[in-house]
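>>> coords below, sequence missing:
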């Protein structure tokens with residue numbers, strides 16, 4: 001066993017993870033527990049790496065949410081819980097660190113129940129508090145389990161419940177039976193008649209309620225002290241779904257887009273979802289979850305998005321960064337494959353005779369950017385290639401070229417995210433480049449609907465150019481991306497080359513990616529293009545120039561609004577520092593939503609512009625003598641004040 005804080009945990013294999021003592025990239029492994037094989041994906045907790053959680057939850061059947069026995073539900077816990085809600089993933093909650101000062105199992109159970117509006121169902125109770133925590137009571141078997149210190153907790157000692165714990169255990173056992181009986185007739189009948197409820201019957205009833213997401217079983221322990229881990233693994237086997245519990249999956253027909261039900265058995269046609277691409281010195285590894293059928297190495301599968309057959313050269317069962325070769329993958333497996341050249345994150349691989357598209361994971365918008373430029377022109381192509389590889393690996397990493405400066409601009413989910421990528425570029429890829437400081441990734445939108453029609457008749461490059469285009473800009477709902485509507489022709493389709501149509505579309509899309517007086521990418525806007533019937537004088541360059549000028553004209557009439565990324569934040573601080581921290585947050589334009597008292601700590605939650613909390617951790621440390629904590633996550637964009645927008649206007 002390795003320890004996360006020492007950088008020796010088996011699943012944290014990246015050098016960056018070992019140095020920082022945190023998880024950065026999700027890692028998969030498989031292992032046997034009793035008679036069951038478990039496929040496990042260990043995901044990060046830091047919000048900057050939320051994409052790793054998103055894509056893991058998309059393909060997993062069940063999840064274990066880990067909460068601190070002292071702090072309870074924290075901001076990032078809420079983020080991950082909402083992600084699991086989106087994919088309807090049944091869960092178990094594990095309350096960790098029960099051996100720490102201030103730990104309170106039942107308080108955190110109540111906290112979990114209130115924070116997520118769910119029924120939290122305690123299945124065990126801790127024996128002893130804080131430093132005296134020594135065992136857990138299993139409320140299903142009504143036995144006590146302690147963990148031998150000499151074997152580092154590997155030896156589990158079963159015993160009768162201590163006399164001083166008997167009354168509490170009976171009380172919570174009765175509560176458990178009451179709540180399960182409300183939803184299960186067999187348990188209710190036995191419980192009402194005062195008869196003993198058999199262990200198998202009670203477990204089956206708890207399992208049904210967990211799979212239906214009626215409640216969340218809760219267990220406790222101490223991972224650092226190796227206490228309570230075996231009961232947690234038993235609970236995973238007893239209460240979380242196995243692949244056979246997923247009868248079918250909904251996909252869509254690649255041609256008609258109509259819904260298709262996919263039976264999830266090994267006998268049905270092959271179907272799998274690629275949820276992660278990992279690039280290392282050996283090439284590309286594509287992680288996939290197999291939902292139905294089986295796939296042998298050396299065989300091909302169809303990617304319905306690209307319409308290409310992909311050959312699978314090898315199949316591996318992963319154990320963090322080590323590989324175990326397999327001859328085939330079957331329904332329920334999570335494996336990594338090599339060979340496909342045209343597939344990536346979110347793509348479906350399936351049987352060519354039974355094609356289907358599965359739902360892709362959803363990834364958030366980037367909120368922070370950083371400029372990077374090679375130190376020599378010879379390194380430019382190398383740098384561009386490396387950035388594309390990282391972009392393919394990480395769906396929340398974006399790169400683009402600033403046309404004015406020629407610099408590459410990297411965008412990500414936060415300061416730590418870009419710092420880790422920066423270190424990878426320098427350490428792993430040996431990139432020789434100048435890298436700037438992180439900056440906020442602003443966006444812009446239009447203030448109102450507007451249109452502009454432009455006719456171009458001029459000489460460009462020594463040739464007469466003609467073209468006429470109308471562009472209409474329409475605001476969209478909050479959260480929508482910018483989009484270009486299919487070109488509408490007046491008077492029927494004209495005989496025009498397809499590349500001309502693409503030139504007009506490309507021009508408008510280029511303007512949307514960074515036009516106007518602010519120069520930031522547009523969101524929440526639709527550009528509708530109309531082209532009158534073309535004449536023999538119409539040219540491709542004329543249409544492109546007309547499209548650019550029509551966009552600029554429509555944008556000038558519509559007006560622009562600067563959008564700044566907003567962060568949901570949570571600050572926990574001792575009472576004596578609350579006043580100064582509260583005032584500092586207001587100075588940073590924070591919108592305070594709630595202030596709660598949890599034990600002797602104030603918990604402040606709200607929203608704040610990202611630009612105002614760059615490097616906030618350092619300032620918070622000085623305000624609280626290092627005793628306050630801070631976490632934040634992106635929640636979207638909001639209009640920036642006029643004085644902020646004026647700084648960028650040109």
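Here it is on my side, so go on. Keep in mind it's a predicted model, so treat the numbers as computed, not measured. Residues are numbered from 1 along each chain as shown.

>>> report the buried residues of the top strand by length along the chain.
Secondary structure of the chain per DSSP state E: the longest strand is strand 560-574. By neighbour count on 16 or more other CB atoms under 10 Å, the buried set for strand 560-574 is 560-573. Any C-beta I mention is one placed from the backbone N, CA and C, and that applies to glycine too.

>>> how about the contacts made by residue 286?
Residue 286 makes contacts with 274, 276-278, 336-338, 340, 343-344, as judged by CB atoms under 8 Å, 6 or more residues apart in numbering.

>>> now, of these, which are buried?
Using 16+ other CB under 10 Å as the burial test, those include 274, 276-278, 336-338, 340, 343-344 as buried.

>>> now the helices: where do they sit in the stretch 251-400 of the chain?
Under the criterion DSSP state H, counting those that start in this stretch, the stretch 251-400 of the chain contains helices at 380-393.

>>> which stretches of it have low pLDDT?
The stretch 251-400 of the chain contains residues with pLDDT under 70 at 280-282.

>>> kindly recompute the last result at 90.
Scanning the stretch 251-400 of the chain for pLDDT under 90 picks out 253-257, 262-266, 278-284, 318-324, 341, 359-400.

>>> residue ranges of the strands in it, please?
259-263, 271-280, 283-292, 294-296, 300-303, 308-311, 314-319, 322-326, 328-330, 334-338, 348-350, 368-374, 398-401 (DSSP state E, counting those that start in this stretch).

>>> who touches the first one?
Okay, so that is strand 259-263. For strand 259-263, using CB under 8 Å, 6+ apart, the contacting residues are 247-253, 268, 271, 291-292, 356, 358.

>>> mind listing what it pairs with, with the direction of each?
Strand 259-263 pairs in its sheet with strand 248-252 (antiparallel), by DSSP bridges.

>>> buried stuff in the strand it pairs with?
Judged by neighbour count (16+ other CB under 10 Å), strand 248-252 contains these buried residues: 249, 251-252.

>>> just to revisit the earlier point, now for the contacts of strand 259-263: which two are most distant?
Within the contacts of strand 259-263, 247 and 253 form the most distant pair, 19.9 Å apart (CB to CB).

>>> who has more neighbours out of the two?
Legend: neighbour count by other CB atoms under 10 Å for residue 247 and residue 253, higher for residue 253 (13 against 9).

>>> so the closest residue to that one other than its chain neighbours bridges to which residues?
Distances taken as CB to CB, 6 or more residues apart in numbering place residue 260 nearest to residue 253, at 5.6 Å, with adjacent residues excluded. When assigned by DSSP bridges, residue 260 has beta-bridge partners residue 251.

>>> got it, and residue 435?
Assessed by DSSP bridges, residue 435 has beta-bridge partners residue 372.

>>> residues near it, how many?
Residues lying near residue 435 (other CB under 10 Å) number 18.

>>> ok, it to residue 371 distance?
Distance of residue 435 to residue 371, computed by CB to CB, to the nearest Å: 7 Å.

>>> then residue 499?
Between residue 499 and residue 371 the computed distance is 33 Å (CB to CB).

>>> which ones are touching the closest residue to residue 373 other than its chain neighbours?
Residue nearest to residue 373 in three dimensions, not counting chain neighbours: residue 407, with 4.6 Å by CB to CB, 6+ apart. Contact analysis of residue 407 by CB under 8 Å, 6+ apart lists 371-373, 401, 436.

>>> report the buried members of those.
Neighbour-count burial (16+ other CB under 10 Å) is assigned, among the contacts of residue 407, to 371-373.

>>> between those, which is nearest residue 614?
Using CB to CB, residue 371 is the member of those that lies nearest residue 614, at 15.6 Å.

>>> for the closest one, which non-adjacent residue is closest in space?
Among residues not flanking residue 371 along the chain, residue 436 sits closest, at 3.9 Å (CB to CB, 6+ apart).

>>> my read: that neighbour touches residue 368, true?
No: if you go by CB atoms under 8 Å, residue 436 and residue 368 don't touch, sitting 11.8 Å apart.

>>> circling back to that earlier point, which of the contacts of residue 286 sits closest to residue 120?
Using CB to CB, residue 276 is the member of the contacts of residue 286 that lies nearest residue 120, at 31.0 Å.

>>> excluding chain neighbours, what is closest to that closest one?
residue 287 (4.0 Å).

>>> contacting residues around that neighbour?
Contacts for residue 287 (CB under 8 Å, 6+ apart) come out as 28, 274-278, 318, 334-336.

>>> distance of it from residue 575?
As for residue 287, its distance to residue 575 is 47 Å (criterion: CB to CB).

>>> residue 275 too?
Distance of residue 275 to residue 575, given as CB to CB: 44 Å.

>>> can you check residue 36 too?
Distance from residue 36 to residue 575, by CB to CB: 48 Å.

>>> hmm, which helix or strand of the protein has the shakiest average pLDDT?
Ranked by mean pLDDT, DSSP states H and E, the weakest helix or strand in the chain is strand 488-489, scoring a mean of 66.

>>> quickly find the element holding residue 422.
helix 415-427 (DSSP states H and E).

>>> contacts for that helix next, please.
Contact with helix 415-427 is made by 15-16, 24, 46, 48-49, 368-370, 372, 386, 390, 394, 396-397, 410, 412, 431, 433, 435, 438, 614-615, as judged by CB under 8 Å, 6+ apart.

>>> buried among those residues? Make that a PyMOL selection.
Of the contacts of helix 415-427, the buried ones go into a single PyMOL selection, burial set by 16+ other CB under 10 Å:
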select buried, resi 16+24+46+48+49+368+369+370+372+386+390+394+396+397+410+412+431+433+435+438
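
>>> tell me the bridge partners for the residue nearest to residue 276.
Beta-bridge partners, per DSSP bridges, of residue 287: residue 276, residue 336.

>>> what's the span of stretch 387-407, first residue to last?
Chord length of stretch 387-407, first to last residue, is 13 Å (CA to CA, to the nearest Å).

>>> give the buried residues for it.
Within stretch 387-407, the residues that count as buried by 16+ other CB under 10 Å are 387, 390, 393-399, 407.

>>> max pairwise distance over these: which two?
Every pair of the buried residues of stretch 387-407 checked by CB to CB; the farthest is 395 and 407, at 22.7 Å.

>>> what is the helix or strand harbouring residue 84 packed up against?
Per DSSP H and E: residue 84 is located in helix 75-86. Judged by 3 or more CB pairs under 8 Å, 6 or more residues apart in numbering; DSSP states H and E, helix 75-86 is in contact with helix 50-59, strand 63-68, helix 105-116, strand 560-574, strand 629-639.
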